[in-house]
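Asks: I'll drop the sequence and a predicted model, then ask my questions.
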Amino acid sequence: PRTLIEGIAARIPSRIKLATKLVAFHAKAPIHQLTVENILGGMRGAPSIVWEISETDSSGVKYHGRTLRQLEEDLPKWGNSKQLSPEAMLWYLYTASVPTQAELKQFAADLVSRCELPKDVTDFLDNLPVNLSPIVHMNMGLTVLAQHSKLMKALAKGARKEELWKFALEDALDATGRIPTLVARIHSNIYRQGCDRDATLDLSADLAQNFAIRMGRSCDINFVELTRLAWVLHQDHGANVSAHTMRLVSSALTDPYSTLSAGLIAGSGTLHAMAIHNSVDFNKNMTSALGPNPTDQDIENYVLKCIASGQILPGYGHAVLRVVDPRLEWIYRFVADHPAPLPESGVHPVLLELIQRANMIVPDLLRVHLPKIKNPAPNVDALSGSTMHTYGLDVDFILPFMACGRAMGFLAQSVWDKALGLPIERPLSITMDGLLAKLQSN
Ligand code: MLT
């Protein structure tokens, strides 16, 4: 089997050749006319960031040209798992090639061998006040991990620019192993009095199974499967707010752990990953307001009231997609194939069923009552957080859980940023008066 570093190294020359050709022959060629709407609209519609691992357009995301459905066919699964494997997906994102079973096994073993956290980090985490939120713990833990960056050590020793990707890869693999362990430890410290935080890892298992071990849920196959699925679906979606933040921060050669912390902060915005969390609250409120057997008319009336009161409906609409988010299909399927556990801690048994019914009803209501929304279809957030919650994750833990996947995907992109020698990001800013002056001089 190839090692990951061999898989990446094999691809680098052709990608550098392409980058060199683009700059040498097409440097000044226009590919998009930048409009006032692009600039005032949060750069929507303006293709302005090179992203090696995927491309998201109005119909969904493609990873190196393949849809999730194709990858479901093509990528090897882990053991008896029915879900896409986060490690297989990652290998594919890094190398643009499908791993063999042997490569998947070797790669997962490498990642798991990197899972343990340095002692200064565990000591720090174990002494944090447990009344601080999991996101605060995660941010602080990442900041302490920063001093373990191999890229930073290499830079301090004057490493050559062409070699940086190898140190970035070492960091990326360390972080991919460590982040789930960090998140499980935070869970244990905040919710479970430190139980299982040092439980023995299974070096022959994958990251999801080892995460479950440290979460005290190693026998809960539904949870392990959901972890695999969530870490694939949330791994990458192009230059969304968290990924773009990380790209910007790491383009200044910031260490990867601080970069991930910046991404987590970006994710905690209501309009981005926090929408997952908010969608759970929205759905739970709807469930308790409507009771166990609402009619479609009850759902419609409830949603209309929310729209009339100016409430944001989390999980509907998307900045780029103009169809139902293709990732949602995988969650529908997961819910259908894995009977939800009995309700615990206030999770209503009809929650997931109600959301799926609401997903059919809400888009038409939004089309009529909020016609400004370009695509009112449900996105992955409409169901993913509520599914995580129903299968046992505390609501304020959803973001750190999902951030494990997002971190893995971005780290793959960040290694390619270094391999291609992409520069620090520095767009020009312009005032509105400046915009007007440019329009008048045209
Ligand atoms: C995501 O995956 O982060 C969301 O769909 C948001 C986005 O892509 O902009």
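Replies: Nice, thanks for sending it over.
Asks: Give me every residue in the chain lying close to the ligand.
Replies: Residues of the chain lying near the ligand by CB under 6 Å from any ligand atom: 237, 240, 318-319, 379. C-beta here means a position set from N, CA and C on the backbone, and glycine is covered the same way.
Asks: So which of the residues you listed belong to strands?
Replies: Assignment to strands by DSSP state E places none of the residues of the chain next to the ligand there.
Asks: and these, which are buried?
Replies: 237, 240, 318-319, 379 (16 or more other CB atoms under 10 Å).
Asks: on that earlier part again, may I see the residues of the chain next to the ligand arranged in CSV, with distance to A168 and pLDDT as well?
Replies: Compiled in CSV, the residues of the chain next to the ligand are given as follows (distance: CB to CB, whole Å; pLDDT from 0 to 100):
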residue, distance to A168, pLDDT
H237, 21, 97
N240, 21, 97
H318, 30, 94
A319, 28, 92
N379, 31, 93
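Asks: dump the residue contacts of the nearest residue to H272 once chain neighbours are set aside.
Replies: Counting by CB to CB, 6 or more residues apart in numbering, H272 lies nearest to V241, which is 4.2 Å off, once chain neighbours are set aside. Counting by CB atoms under 8 Å, 6 or more residues apart in numbering, V241 makes contact with 266-267, 269, 271-273.
Asks: So which of these are in helices?
Replies: 266-267 (DSSP state H).
Asks: Now do the contacts for the closest residue to the ligand within the stretch 301-442 of the chain.
Replies: Residue of the stretch 301-442 of the chain nearest the ligand, by CB to the nearest ligand atom: A319 (5.1 Å). By CB under 8 Å, 6+ apart, A319 lies in contact with 42, 44, 240.
Asks: Same question for S113.
Replies: So S113 contacts 177, 203 (CB under 8 Å, 6+ apart).
Asks: What of N38?
Replies: Neighbouring residues of N38 by CB under 8 Å, 6+ apart: 44-46.
Asks: and what of D206?
Replies: Contacts of D206 by CB under 8 Å, 6+ apart are 78-79, 85-87, 108, 112, 228.
Asks: Which among the residues you listed count as buried?
Replies: Among those, those scoring as buried are 78, 85-87, 108, 112, 228 (criterion: 16+ other CB under 10 Å).
Asks: For the residues you listed, work out which two are farthest apart.
Replies: Greatest spatial distance in the buried ones among the contacts of D206: V112 and R228, 14.0 Å, computed using CB to CB.
Asks: how about TSV for the contacts of D206, with secondary structure and pLDDT added?
Replies: As requested, the contacts of D206 are exported to TSV (DSSP: H, G, I helix; E, B strand; the rest coil; pLDDT from 0 to 100):
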residue	secondary structure	pLDDT
W78	coil	98
G79	coil	97
S85	coil	98
P86	helix	98
E87	helix	98
A108	helix	98
V112	helix	98
R228	helix	98
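Asks: Show me where the chain dips below the pLDDT cut-off.
Replies: Flagging of the chain using pLDDT under 70 yields the residue ranges 342-349.
Asks: Try it again at 80.
Replies: 292, 340-350 (pLDDT under 80).
Asks: element containing the residue nearest the centre of it?
Replies: Nearest to the mean C-alpha position of the chain, counting by CA atoms, centre = their mean, stands R406 at 2.7 Å. Assigned by DSSP states H and E, R406 belongs to helix 398-419.
Asks: again, but for N359
Replies: Applying DSSP H and E, one finds N359 within helix 351-369.
Asks: export that helix as CSV, just CAs?
Replies: The C-alpha trace of helix 351-369 is given here as CSV (Å, rounded to 0.1, in the frame of the first residue of the first chain):
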residue,chain,number,x,y,z
LEU,A,351,-38.8,15.0,16.5
LEU,A,352,-37.1,13.5,13.5
GLU,A,353,-40.4,12.6,11.8
LEU,A,354,-41.8,16.0,12.4
ILE,A,355,-38.7,17.7,10.9
GLN,A,356,-38.9,15.6,7.8
ARG,A,357,-42.6,16.6,7.3
ALA,A,358,-41.7,20.2,8.0
ASN,A,359,-38.9,19.9,5.3
MET,A,360,-41.7,19.3,2.8
ILE,A,361,-44.0,22.1,4.0
VAL,A,362,-41.7,25.0,4.8
PRO,A,363,-40.1,25.7,1.4
ASP,A,364,-43.4,26.5,-0.3
LEU,A,365,-44.4,28.8,2.6
LEU,A,366,-41.0,30.6,2.4
ARG,A,367,-41.4,30.9,-1.4
VAL,A,368,-44.8,32.7,-0.9
HIS,A,369,-44.0,34.7,2.2
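Asks: contacting residues around that helix?
Replies: 283-284, 286-287, 290, 294, 296, 299-300, 303-304, 307, 313, 316-317, 328, 332, 335, 340, 348, 373, 376-378, 382-383, 386-387, 390.
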